[in-house]
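*Asks:* With the sequence up front, the predicted model follows.
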Amino acid sequence: MLIEFQQLEEKDARLYARVTQVIAHLLRHQFLHIDDRGAAGLMETLRRAAAVTLLRDYFDVAGYRLVVRESEGWAGLFPDLDRITAPRMRIEDSLVLLVLRRLWEEEVQNGDIQPHASVLLTLNAAYDAYQETVSRARRPALKVGEFRDVLLSLERRAIVRLGPEDDQAQDRELTIRALVSEVAGDDFLTSLEQLLQRPDVVEDDADEEPAAPEADRAEVEVSA
């Protein structure tokens, strides 16, 4: 691999610099979306055949697949589950991701689609849907501030985007991107539903703690 990078640097130093920028961004954030600051140039690099071939080979060595979806405006890394262990996510975060995927699907089915197959909702609407989901699963709900923090962590990975605070409405716009359907794929949903049916992750009504230790350790394998 080093030879290929050296050859690219000698042939096209500017493209080499752009390739290293893409690598640095994806290693840090896993995904990028064209609507985020600075991402348009990274996506442009991924349109170059020489660059994307080199990048796919580079990440393949580490056991990851580089996926580029130009029509949806995103690119990102997914683990090759035949070669490496899937990362794990806390069940609380997984439930938020589950709600976001369901909300995205509902809006798409209703035809309320923004550019790049994104959908536009609000933080409060998403939180209401989340509370309904966790109540059915007999789990304690995250507080709205904690829910927002999960969204912010997903925003850093380009899965969603939060708008500025509307002081009058006490709400924020929430853009859910098509990427959520890949991150929370069918296998993810199946694993989560099975996990929620386990008695050891259902909260005991008599427990005074906000979350039982077993529930805190409960995790879901994800493909992202």
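*Replies:* Looks like it came in fine. Quantities reported herein were computed from a predicted structural model and do not represent experimental measurements.

*Asks:* What distance do you get for Gln7 to Ser94?
*Replies:* Computed with Cβ to Cβ, to the nearest Å, the distance linking Gln7 and Ser94 is 43 Å. C-beta here means a position set from N, CA and C on the backbone, and glycine is covered the same way.

*Asks:* Same question for Glu10.
*Replies:* In this structure, Glu10 and Ser94 are 46 Å apart, going by Cβ to Cβ.

*Asks:* Neighbour count: the two, which is higher?
*Replies:* Taking neighbours as other Cβ atoms under 10 Å, Glu10 and Ser94 compare with Ser94 leading, 24 against 9.

*Asks:* Packing partners of whichever strand or helix holds that one?
*Replies:* Following DSSP states H and E, one finds Ser94 within helix 91-109. For helix 91-109, the elements it packs on are strand 119-122, helix 123-136, helix 144-156, strand 171-176, helix 180-183, helix 186-196, strand 219-221, judged by 3 or more Cβ pairs under 8 Å, 6 or more residues apart in numbering; DSSP states H and E.

*Asks:* Would you mark the buried spots in it?
*Replies:* Across helix 91-109, burial judged by 16 or more other Cβ atoms under 10 Å covers 91-104, 107-108.

*Asks:* How about stretch 145-158?
*Replies:* Residues 147-148, 150-151, 154-155, 157-158 are the ones in stretch 145-158 that count as buried (16+ other Cβ under 10 Å).

*Asks:* in this protein, what secondary structure element scores lowest on mean pLDDT?
*Replies:* Ranking every helix and strand in the chain by mean pLDDT, DSSP states H and E puts helix 213-217 at the bottom, with a mean of 30.

*Asks:* Against Tyr64, how distant is the residue nearest the centre of the chain?
*Replies:* By Cα atoms, centre = their mean, the chain has its centre lying nearest to Ile159, at 4.2 Å. Distance of Ile159 to Tyr64, computed by Cβ to Cβ: 17 Å.

*Asks:* ok, now Ala129?
*Replies:* The separation that Ala129 has from Tyr64, given Cβ to Cβ, amounts to 31 Å.

*Asks:* Same question for Leu54.
*Replies:* Taken as Cβ to Cβ, the span from Leu54 to Tyr64 is 14 Å.

*Asks:* for this protein, which spans come out with low pLDDT?
*Replies:* Residues of the chain meeting the criterion pLDDT under 70: 1, 186-224.

*Asks:* how far off helix 123-136 does the helix holding Ser94 point, in degrees?
*Replies:* Taking axes from the mean of the first three to the mean of the last three Cα atoms, to 10 degrees, one finds helix 91-109 and helix 123-136 inclined to each other by 120 degrees.
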